[in-house]
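Chemist: From the sequence below, what's the structure:
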Amino acid sequence: MTTPFLPPQLWRRPGLHVMAMLLALVLLFLIDTATRYEVAVSVFYTVVIVAMAHVLALRGLMVLTGSCIALTWLSFFITRYGDLRAGQINMLISTVAILITGYLACRAELARAAAHEAQARLLRISRIHSLEGLTTSIAHELNQPLAAIVTSGHACQRWMEQDPPNLDKARQALLRILGDADRASAIIGRVRKLSKGEPASPRPFVFNAAVREVLALSQAEIQRLDIAMRADLAAGLPLALADPVQVQQVIANLVLNAMEATALVDIARRTILVESLQLQDKLVFRVSDGGPGLPAGAQEQVFEPFWTTKHEGIGVGLSISRSIVESNGGHIWAEPHLQGGAVFAFSVPVAPQEGLA
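Modeler: From the prediction side, this is the model:
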């Protein structure tokens, strides 16, 4: 819903809020004009500014503040009742109050915008950090199809150099090259999706497929660290309703944290269990590691910004993961593992239309 009275760039959430604001301005103006000078009705314009601070953008708040001051002065010049000197004092007080309220609302909006920008930058850092941890896996995943392309290319060359050329064998080699090129392109596409800083775009997607893509990128690093990973993904899950790229970012971060924690213990204890399941109207992802575990009482602290147990960590990954999960309608938590180590899990909503994973 839009309104013809204000250009769309002035608000953040148009609709009934804007129409209610316009009605409130008109009502206050009529009451202020109809009452005596001694009645300072115009000071209530500050209430309108405060109420609209979470709806209007910065330019919108500036326009609203200026409009309230203009209506205050216009009402003063139209009013013909009461003590003129008292009216002048009330008008000045109302003007100052409106200016101060508008200034504070604009400062709050600037602070909110700065916080959003900082969060977006931290999200970008977290994504890059996760991808850095998976660099070996990504390189290994890409190396397989590229090596296969080289092998098939040499085979195709040999078949073509025969006299006469073996076109059937050469054609098969070319088909293998195309298939391996598609595999490499798919891997690059997954990495690009994980590295993008786009806003959330919730849509139905296959939850287990998103988990498997992240695990595929982690496989080489898992092998390098001698970690035994087991995936227990529940069959027949309904579709999830969230931003699949952001969900994969959270999965990648939790898996990377589990790998780093597990690498600190003896090889015999280097185990990771990845699970997916459904709890009522939520889909849950769980990763359990055999690492040293969390300090006592740290289940909630680990999600606080800049709190970390890692010597070289910056403490933003889990904080941003919580923001991502909560913005997608889910919940994230940590708990101690019964066999030692830690368990991290998060949930996302089930899509209204069910589908099998």
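Chemist: quick one: pLDDT of Ser94?
Modeler: With respect to pLDDT, Ser94 scores 86.
Chemist: hmm, I was thinking of Glu132
Modeler: pLDDT at Glu132 comes out at 58.
Chemist: cool, Arg230 as well?
Modeler: pLDDT, Arg230: 90.
Chemist: shouldn't it be in contact with Glu275?
Modeler: No. Using CB atoms under 8 Å, Arg230 makes no contact with Glu275, being 9.0 Å away. For every residue, glycine as well, the C-beta is placed using N, CA and C.
Chemist: higher neighbour count, these two?
Modeler: Between Arg230 and Glu275, counted using other CB atoms under 10 Å, Glu275 has the larger neighbour count: 17 against 10.
Chemist: got the contact list for that one?
Modeler: 231-234, 284-288 (CB atoms under 8 Å, 6 or more residues apart in numbering).
Chemist: filter those to the buried ones?
Modeler: 233, 284-288 (16 or more other CB atoms under 10 Å).
Chemist: what would those look like in a markdown table with distance to Arg176 and secondary structure?
Modeler: Formatted as a markdown table, the buried ones among the contacts of Glu275 follow (distance: CB to CB, whole Å; DSSP: H, G, I helix; E, B strand; the rest coil):
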| residue | distance to Arg176 | secondary structure |
| --- | --- | --- |
| Leu233 | 30 | strand |
| Val284 | 40 | strand |
| Phe285 | 35 | strand |
| Arg286 | 38 | strand |
| Val287 | 35 | strand |
| Ser288 | 39 | strand |
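Chemist: Distance to Asp32 added to the contacts of Glu275, as a markdown table?
Modeler: Compiled in a markdown table, those are given as follows (distance: CB to CB, whole Å):
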| residue | distance to Asp32 |
| --- | --- |
| Ala231 | 68 |
| Asp232 | 68 |
| Leu233 | 65 |
| Ala234 | 64 |
| Val284 | 56 |
| Phe285 | 57 |
| Arg286 | 60 |
| Val287 | 61 |
| Ser288 | 65 |
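Chemist: Nearest to Leu28 among the residues you listed?
Modeler: Within the contacts of Glu275, proximity to Leu28 (CB to CB) peaks at Val284, which comes in at 50.6 Å.
Chemist: Just to check, the closest one is in contact with Val274?
Modeler: No. Between Val284 and Val274 there is no contact under CB under 8 Å: 11.6 Å.
Chemist: low-confidence ranges in this protein?
Modeler: The model of the chain has pLDDT under 70 over residues 1-15, 116, 118-144, 183, 186-187, 189-200, 295-317, 353-357.
Chemist: just the helices in it please.
Modeler: Using DSSP state H, the helices of the chain run over 16-34, 45-52, 58-78, 84-133, 135-161, 167-195, 207-224, 244-262, 317-327.
Chemist: Just say which of the ones you listed is most tucked in.
Modeler: helix 244-262 (a mean of 24; mean count of other CB atoms under 10 Å).
Chemist: can you give me the angle that helix makes with helix 317-327?
Modeler: Relative orientation of helix 244-262 versus helix 317-327 (axes from the mean of the first three to the mean of the last three CA atoms, to 10 degrees): 150 degrees.
Chemist: any idea of the angle helix 244-262 forms with helix 207-224?
Modeler: Using the same axes, to 10 degrees, one finds that helix 244-262 and helix 207-224 are set 30 degrees apart in direction.
Chemist: Please put the alpha-carbon coordinates of helix 244-262 into CSV.
Modeler: Output of helix 244-262 as CSV, limited to C-alpha atoms (Å, rounded to 0.1, in the frame of the first residue of the first chain):
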residue,chain,number,x,y,z
PRO,A,244,19.2,-21.4,1.5
VAL,A,245,22.5,-19.5,1.0
GLN,A,246,22.4,-18.0,4.5
VAL,A,247,21.4,-21.4,6.0
GLN,A,248,24.4,-23.0,4.2
GLN,A,249,26.6,-20.2,5.7
VAL,A,250,25.5,-21.2,9.2
ILE,A,251,26.0,-24.9,8.5
ALA,A,252,29.5,-24.2,7.1
ASN,A,253,30.4,-22.1,10.1
LEU,A,254,29.2,-24.8,12.6
VAL,A,255,30.9,-27.6,10.7
LEU,A,256,34.2,-25.6,10.5
ASN,A,257,34.0,-24.9,14.2
ALA,A,258,33.5,-28.6,14.9
MET,A,259,36.5,-29.5,12.7
GLU,A,260,38.7,-26.9,14.5
ALA,A,261,37.6,-28.2,17.9
THR,A,262,38.0,-31.8,17.0
